[in-house]
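> Following is a predicted model, sequence given first.
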Amino acid sequence: RIPEIEDLQSITGTMRGSGLAMWAVALVSGASAFSFTTHLRTPQPSRSRSVFMQEDAGMENSAVKPPDAQPPPGMVEVKELWGADKKARTRIEGGSTLRTFQMPAHAERVQYILSSPSNRPVKARVELWIGPIRCVHTLIYDSMDGLSYPIKATLKFKKVSPVLKISTDGSYEFPLVCGVFVPSPANSKKLEELTTDMFYTAPLKDRVQGGSTNDNKGGAIRSFAVHPSWEKTQIMIWSKDVGKKSFKTNVEILQGPNNAKQKLDLQCGGSTQPYHAVINTPGPGWMIRCNSKKYLEDGLFEIAVAPYGEPNAGGYAPEDDVVMGGNDVIVGGGGF
């Protein structure tokens, strides 16, 4: 049996040797009968890879990039002071009812909304307290329709953990709804950039000087005509560049000659407490009027007025305005 096993091993080795020889001859001669054709699949770029390739190609040749290509969500900075998630949800009843909100230690800015649960007037008082006896911000707010004309304010303060107090007046018939929001340090920095940019680039801006305080008339009066295409208007009052003193002012938002829709009796710390507010001004005929209620030597501040959001140019037609008088008047025998 041993010789048979040796003969079998020799035959197997011979077959292996002959197979290798035949394979080598096929490779050298290129015979198709003994060649193995391997079909290699061309690698296809993945979806994310193709997107990056399109973006890189678009940087070199703008014609390659699709015209409707948009950055993914979260990659573009949204310049918005008041998002859709910031709503007034806290109800405060009338009759001098109050709510207090303790600011955290990291906070240096607060945003609050004053509105009404119905189309009724709102009479509110907002105060910022540092300790039990020091009030550094006061707003007495009066609106004839709190639901249609709410106010959205942004106030800056020092990092001393103050307390924000919101209360109604003595009438029980006029409750309000409010919302208080404390931004994170990163969002607070963005709000500072947005408000500062608005203050220095506003189309309407002027100084307001103080005056007499004996007759309670105050100082200079400034008026700003709001363009009819401004559905919302933002106001910012600051004394950083004109003395850095505290200010005290009355701000009236009128529609018509003497129809005050909103009234703000405002007092702030000045350079360290700029006050920013967003109000609704739909339709034509709006005007913002303010004056300084401090004395001449210490009552100077600046007020800036600008549109908030995209102006509604399509909803306003100048030809619909009422024109008083005109140039088509004929005097003489032809009559008028």
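That came through fine. None of the values given here were measured: they were computed from a predicted structure.
> Asp241 should be in a strand, yeah?
No: under DSSP: H, G, I helix; E, B strand; the rest coil, Asp241 sits outside any strand and is assigned coil.
> Against Lys158, how distant is Ile279?
26 Å (Cβ to Cβ, to the nearest Å). Yep, even glycine has a C-beta here, placed from its N, CA and C like the rest.
> Over to Thr281?
Taking Cβ to Cβ, one finds Thr281 at 32 Å from Lys158.
> Who has more neighbours out of those two?
Neighbour totals were compared for Thr281 and Lys158, and Thr281 leads with 24 against 12 (other Cβ atoms under 10 Å).
> pretty sure the more buried one is touching Lys232, no?
Yes: using Cβ atoms under 8 Å as the test, Thr281 is close enough to Lys232 to be in contact (6.6 Å).
> Now do the strands in the stretch 201-336 of the chain.
204-208, 221-225, 232-238, 247-255, 260-268, 275-280, 286-292, 301-307 (DSSP state E, counting those that start in this stretch).
> Figure out which of these is closest to Leu176.
Closest to Leu176 of those is strand 260-268 (Cβ to Cβ; 13.4 Å).
> now that closest one and strand 232-238, what's the angle there?
Strand 260-268 and strand 232-238 meet at an angle of 30 degrees, taking axes from the mean of the first three to the mean of the last three Cα atoms, to 10 degrees as the criterion.
> State the mean pLDDT of strand 260-268.
For strand 260-268, mean pLDDT rounds to 89.
> and it, which strands flank it?
strand 134-143 (antiparallel), strand 247-255 (antiparallel) (DSSP bridges).
> Against Thr97, how distant is the closest residue to Leu264 other than its chain neighbours?
Spatially, and ignoring its direct neighbours in sequence, Leu264 is nearest to Val251 (4.2 Å; Cβ to Cβ, 6 or more residues apart in numbering). As judged by Cβ to Cβ, Val251 and Thr97 stand 25 Å apart.
> Who has more neighbours out of those two?
Between Val251 and Thr97, counting by other Cβ under 10 Å, Val251 is the more crowded of the two (21 against 15).
> gap between that one and Leu139?
Taking Cβ to Cβ, one finds Val251 at 10 Å from Leu139.
> Find residues that contact each of these two.
264, 266 (Cβ atoms under 8 Å, 6 or more residues apart in numbering).
> The nearest residue to Val160 once chain neighbours are set aside: how many residues sit nearby?
Using Cβ to Cβ, 6+ apart and skipping residues adjacent in sequence, the residue nearest Val160 is Ile130, 5.6 Å away. By other Cβ under 10 Å, the residues close to Ile130 number 16.
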